[in-house]
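A.B. asks: whatever this is, show me its structure:
(2 chains)
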Protein chains: 2
Amino acid sequence: MSFDLKGWSTERLQRVEEALSAWVPADAPAGLGEAMRYAVLDGGKRLRPLLVLGAAEAVGGHPQAALRAGCAVELIHAYSLVHDDMPCMDNDILRRGKPTVHVAFGQATALLAGDALQALAFELLAPDDAGIPDRTQARLCRLLAQAAGQAGMAGGQAIDLAAVGRSLTEDELRHMHRLKTGALLQASVMMGAACGEASPAAAAGLETYGRALGLAFQVVDDILDVTADSATLGKTAGKDAAQDKPTYVSLLGLEPARAYALELLGQARSALATTGLPDTRALLALAEMVVHREN
Amino acid sequence: MSFDLKGWSTERLQRVEEALSAWVPADAPAGLGEAMRYAVLDGGKRLRPLLVLGAAEAVGGHPQAALRAGCAVELIHAYSLVHDDMPCMDNDILRRGKPTVHVAFGQATALLAGDALQALAFELLAPDDAGIPDRTQARLCRLLAQAAGQAGMAGGQAIDLAAVGRSLTEDELRHMHRLKTGALLQASVMMGAACGEASPAAAAGLETYGRALGLAFQVVDDILDVTADSATLGKTAGKDAAQDKPTYVSLLGLEPARAYALELLGQARSALATTGLPDTRALLALAEMVVHREN
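C.D. replies: Next comes the predicted model:
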């Protein structure tokens, strides 16, 4: 019998939504809380929290640590979208089918809400009363900070900015995406693993799985930017092409990009097989979902 | 013989500058590292690192943890200035006598550099190879995240934004500053204390000291905005008055604001006396410097 990803996800998504709603404060001062909640709640596929929870379950990790880690990664992702959408960056007005945060709340509040969401992510990882071992808290902070900063997401965004209108080689494009979106997706898997005590083989296999999945996510994103419409995507389609941004489709062509996504799915599957973990079905199903998704 | 603050500071500032220069990466991608270093190096009084080191020495704390904590707090402070100076916030072009980051590098890079500096702050606090106990790492991340986020600095900035052109009561003004600048200054002291094992009395006394010092800092800032010129301040003077921002001077008057700063210095001194710690001379001298500074 095949794995029921929908059933598995539904129960976990409910826990994640409840936790995010509890932890992103409504009462932050002067409208800041409202903007933070707008940026985070009622939207998004929550792929990163599902990866955290899937990896944590695969290694038998601490459930409360995993829930906090999943929410923390989602907050980093949400803040990056808020800042990325601002006029001085991508200047986008539509996100998840809603006006972007700076359109709804003004640029200053959007800037501060993003900043506060990043701080909140680390606050979630280091509670003093949740029974999470200090060692786990320190590892989670380390992995998230590395993935979010200049050697990860923020660095990738800087390369992306500098690349508009330039031609990139496939190696340069892969490096950019490995930082911009890959680092946080891979960190999601590794943070889930860090909620327990994974063997070296399991940790290495999950790391490889996370890298392949992160890259596949971006390849498929580039494909969907060309093949899907804005209503399906919930964001402006065709934007990369319009801005003359290099993508896997512009570099490889559409069909080779599709083949590459399937090749990466194969790499992710193989990596899971090397972990020696008894049940990685949720992680495999998530990788399949990433490659076969339509938005 | 009185305490030699200049001698004490000089040695510690050298360590802090060397550490910041080593840890803020020159090789971050696409000009991001250059902007990060521009925002952090060769500028600033480094009050927050000195408070961290002073408190850590007072409790006999872990020296490497204290150096990392001092640099981490400074990175949070530096990122807040980068974002605060942006056109959608204070729109300031001069900082520490130099063009602000967005003037020198563009708004998009300034936004990303600020984001990356915040992540780097947490990365510094959670190294895997520096011999810092996991418990210390977790406590430092917790204190910094709480002070930087919506219940601290970012929340205070949101109140500040919403307050332009409005009249605030003294209580509202104090609440705003307690969050906007006070939280991070107080956290500096508490993070220093968290590098060791302070007794409950010492921790409580240092917390009270940090709160009084944080408030005194802002009162004196408001006084200097009126009484000093831009060249002395290294930033645009008279700006709060020009923007009709509420300040302690506009609320209390100049002389009562000066008296209030001295009262807070007295509170800081009394709090240090309750700690039972053998040597708090550096912390006392730092509080005196905050109140009597001319820029």
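A.B. asks: chain A: strands as residue ranges?
C.D. replies: Per DSSP state E, chain A carries strands over the ranges A:94-95, A:98-99.
A.B. asks: what does the last one rub up against?
C.D. replies: Residues from elsewhere that reach strand A:98-99 (CB atoms under 8 Å, 6 or more residues apart in numbering or on different chains): A:38, A:43, A:93, A:104. (Glycine included, C-beta is placed from N, CA and C.)
A.B. asks: mind doing that once more with 6 Å?
C.D. replies: Strand A:98-99 has contacts (CB atoms under 6 Å, 6 or more residues apart in numbering or on different chains) with no other residue.
A.B. asks: and that strand, which strands flank it?
C.D. replies: Strand A:98-99 has the following sheet partners, assigned by DSSP bridges: strand A:94-95 (antiparallel).
A.B. asks: ranking the strands of chain A by burial, who's on top?
C.D. replies: Highest mean neighbour count among the strands of chain A (mean count of other CB atoms under 10 Å in any protein chain shown): strand A:94-95, with a mean of 18.
A.B. asks: any idea how far that strand is from the chain center?
C.D. replies: Chain-centre distance of strand A:94-95: 17 Å, with CA atoms, centre = their mean, to the nearest Å.
A.B. asks: what do you get for stretch A:277-295?
C.D. replies: In this view, stretch A:277-295 has its centroid 14 Å away from the chain centroid, taken as CA atoms, centre = their mean.
A.B. asks: how about the helices in the stretch 51-200 of chain A?
C.D. replies: A:63-84, A:101-105, A:107-125, A:134-148, A:153-163, A:170-177, A:183-194, A:200-227 (DSSP state H, counting those that start in this stretch).
A.B. asks: distance of residue A:202 from residue A:132?
C.D. replies: Separation of residue A:202 from residue A:132 (CB to CB, to the nearest Å): 20 Å.
A.B. asks: same thing with residue A:288?
C.D. replies: 31 Å.
A.B. asks: do the same with residue A:215
C.D. replies: Residue A:215 is 31 Å from residue A:132, by CB to CB.
A.B. asks: which one's more surrounded, those two?
C.D. replies: The neighbour comparison of residue A:215 against residue A:132 (other CB atoms under 10 Å in any protein chain shown) goes to residue A:215, with 24 against 21.
A.B. asks: how about the more buried one, what does it touch?
C.D. replies: Residue A:215 touches A:182, A:264, counting by CB under 6 Å, 6+ apart.
A.B. asks: same question, the one 10 residues further on
C.D. replies: Counting by CB under 6 Å, 6+ apart, residue A:225 makes contact with residue A:240.
A.B. asks: how close does it get to chain B?
C.D. replies: Separation of residue A:225 from chain B (CB to the nearest CB, to the nearest Å) stands at 20 Å.
A.B. asks: leaving out sequence neighbours, find the closest residue to residue A:49.
C.D. replies: Residue nearest to residue A:49 in three dimensions, not counting chain neighbours: residue A:70, with 3.3 Å by CB to CB, 6 or more residues apart in numbering or on different chains.
A.B. asks: and the one you found, how far from residue A:188?
C.D. replies: 8 Å.
A.B. asks: what is in contact with the two at once?
C.D. replies: What both residue A:70 and residue A:188 touch, as defined by CB under 6 Å, 6+ apart, is the set residue A:52.
A.B. asks: excluding residues flanking it in the chain, which one is nearest residue A:163?
C.D. replies: With CB to CB, 6+ apart as the criterion, residue A:163 has its nearest non-adjacent residue at 5.9 Å, and that residue is residue A:246.
A.B. asks: return the residues of the stretch 101-250 of chain A in contact with chain B.
C.D. replies: Proximity of the stretch 101-250 of chain A to chain B, by CB under 6 Å from any CB of the partner chain, involves residues A:107-108, A:111-112, A:115-116, A:118-120, A:122-123, A:126, A:134-135, A:137-138, A:141-142, A:145-146, A:148-150, A:154-155, A:157-159, A:161-162.
A.B. asks: try 7 Å this time
C.D. replies: When proximity is defined as CB under 7 Å from any CB of the partner chain, the stretch 101-250 of chain A approaches chain B at A:107-109, A:111-112, A:115-116, A:118-120, A:122-123, A:125-126, A:128, A:134-135, A:137-138, A:141-142, A:145-146, A:148-150, A:154-155, A:157-159, A:161-162.
A.B. asks: buried among these? Make that a PyMOL selection.
C.D. replies: Listed next is the PyMOL selection for buried residues among these, using 16 or more other CB atoms under 10 Å in any protein chain shown:
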select buried, chain A and resi 107+108+109+111+112+115+116+118+119+120+122+123+125+126+137+138+141+142+145+146+148+149+150+154+155+157+158+159+161+162
